[in-house]
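> okay, here's the prediction I keep looking at, along with the sequence it came from:
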Amino acid sequence: MDLKTKLEYVIEVADLTVAYDVKPVLWDVDLKIPKGKLMAVVGPNGAGKSTLIKAILNLLIPISGNIKFIQNRADTKSNIKNRVAYVPQSGNVDWDFPSTVLDVVLMGRFGLLGWIKRPGKADVDIALQTLKKVGMEDYSSRQISQLSGGQQQRVFLARALVQQADIYFMDEPFKGVDTKTEKAIVLLLKDLKDQGKTVVVVHHDLQTVTEYFDWVTLINLRVVASGPVDEVFHQENLRQTYRSTGMLLKGMAV
C-alpha cells in the first residue's frame with residue numbers, strides 16, 4: 001500500500017473555480033488536504049493562494065466547485081467546521097480597533113463558548129498561558145495598535161491557538177516579522193503538527209519550504225502539484241509554477 005492510500009484527509013476540494021469580476025483567480029482546482037501535516041501553499045503573486053484559503057473557509061463564494069470537510073467517524077457529535085482556526089494576513093486587519101492584546105486573544109474562545117456566554121476565569125487563564133507561549137505575556141493589557149508588526153502577528157497566532165482547533169489556516173504568518181519571531185512561529189507550528197493538528201500556511205519563501213514543512217501545494221491558477229515536500233518540491237514543478245515570472249531558485253531559472 002502506498003503513502004497516499006494510508007493518508008487520512010480532512011478537506012477535499014473538487015472543481016473549484018473562483019473569479020474576481022470576470023477574471024479567474026482559481027480554475028478547476030482539485031486538492032486533498034491530509035490530516036496531521038504542516039502544509040505550505042506556494043506560488044507566485046496573484047496565483048490564488050490566499051483566495052484558495054478564503055474559499056475553503058467560505059469567506060469567498062466560488063463560481064463553481066465543492067469543498068468537503070471530512071468528519072471523523074469517532075467524533076460525529078461535533079461539527080468539524082467549528083474546529084477550524086484562521087490567521088489572516090496582517091494587512092487585512094483593522095489595527096486601530098480599540099482592543100487590548102488579551103481582548104483580541106479571548107475572541108478566539110467565542111467559537112467554543114458561543115456569543116452569549118462571556119469568557120470566564122478558565123478562558124482568561126488559557127489566553128494568558130497562550131500569550132506566554134508566543135512570548136507576549138507582558139503585553140496583555142497593551143492596545144493592539146501599539147504593537148509592532150511582529151508582535152501583532154504573535155497575538156493573532158495566539159488568538160488562533162486558544163480556539164483549540166484541529167485545522168489551522170494561516171495566510172503568510174511570517175510576512176513582516178523578524179527572524180526571531182519567524183523561528184518562534186515555526187516551532188509553534190511544528191508543535192501543532194506533533195499534536196496531530198493540520199496546519200495550512202500560505203508561504204512565499206521557497207528557500208525555507210524544505211526546512212519548515214513536510215507537505216507542499218504548488219499553485220498558479222491551478223494546482224501544479226501537491227504532496228510530500230521531498231517528492232513534489234523539485235525544479236520541474238517549480239518551473240511550471242513560476243514559468244511566467246522569470247524567478248530564480250538557488251541561482252537557476254525556474
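Structure received.
> tell me where this protein has helices.
For the chain, helices defined by DSSP state H occupy the ranges 3-6, 49-56, 101-106, 110-113, 121-133, 149-161, 179-194, 209-212, 229-232, 235-241.
> export those helices to JSON lines and tack on mean pLDDT, mean neighbour count and distance to V84?
All C-beta atoms are positioned from the backbone trio N, CA, C, and that covers glycine. Listed next are the helices of the chain as JSON lines, based on pLDDT from 0 to 100; neighbours: other Cβ atoms under 10 Å; distance: least, Cβ to Cβ, whole Å:
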{"stretch": "helix 3-6", "mean pLDDT": "56", "mean neighbour count": "9", "distance to V84": "23"}
{"stretch": "helix 49-56", "mean pLDDT": "96", "mean neighbour count": "22", "distance to V84": "9"}
{"stretch": "helix 101-106", "mean pLDDT": "92", "mean neighbour count": "23", "distance to V84": "17"}
{"stretch": "helix 110-113", "mean pLDDT": "66", "mean neighbour count": "15", "distance to V84": "9"}
{"stretch": "helix 121-133", "mean pLDDT": "92", "mean neighbour count": "16", "distance to V84": "17"}
{"stretch": "helix 149-161", "mean pLDDT": "89", "mean neighbour count": "23", "distance to V84": "10"}
{"stretch": "helix 179-194", "mean pLDDT": "92", "mean neighbour count": "16", "distance to V84": "13"}
{"stretch": "helix 209-212", "mean pLDDT": "96", "mean neighbour count": "15", "distance to V84": "21"}
{"stretch": "helix 229-232", "mean pLDDT": "97", "mean neighbour count": "15", "distance to V84": "23"}
{"stretch": "helix 235-241", "mean pLDDT": "95", "mean neighbour count": "17", "distance to V84": "26"}
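> now those helices in TSV, with distance to F169?
TSV is the format used below for the helices of the chain (distance: least, Cβ to Cβ, whole Å):
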stretch	distance to F169
helix 3-6	22
helix 49-56	5
helix 101-106	18
helix 110-113	14
helix 121-133	18
helix 149-161	9
helix 179-194	12
helix 209-212	16
helix 229-232	19
helix 235-241	20
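> of all these, which one is nearest G65?
helix 49-56 (7.9 Å; Cβ to Cβ).
> which outside residues touch the closest one?
11, 13, 16, 18, 25-26, 29, 31, 41-43, 60-62, 65, 67, 86, 89, 169, 171-172, 200, 202, 219 (Cβ atoms under 8 Å, 6 or more residues apart in numbering).
> can you tell me which of those are in strands?
Applying DSSP state E to the contacts of helix 49-56, the entries found in strands are 11, 13, 16, 18, 25-26, 29, 31, 41-42, 65, 67, 86, 169, 171, 200, 202, 219.
> are any of those buried, and which?
11, 13, 16, 18, 25-26, 29, 31, 41-42, 65, 86, 169, 171, 200, 202, 219 (16 or more other Cβ atoms under 10 Å).
> what about T100, how many residues close to it?
16 (other Cβ atoms under 10 Å).
> look at the nearest residue to it once chain neighbours are set aside and report its pLDDT.
Residue nearest to T100 in three dimensions, not counting chain neighbours: S141, with 5.5 Å by Cβ to Cβ, 6 or more residues apart in numbering. What the model reports for S141 is a pLDDT of 94.
> now do W95
Per the predicted model, pLDDT is 61 at W95.
> from W27, how far out is the residue lying closest to S64 once chain neighbours are set aside?
Spatially, and ignoring its direct neighbours in sequence, S64 is nearest to T17 (4.8 Å; Cβ to Cβ, 6+ apart). According to Cβ to Cβ, to the nearest Å, T17 and W27 sit 6 Å apart.
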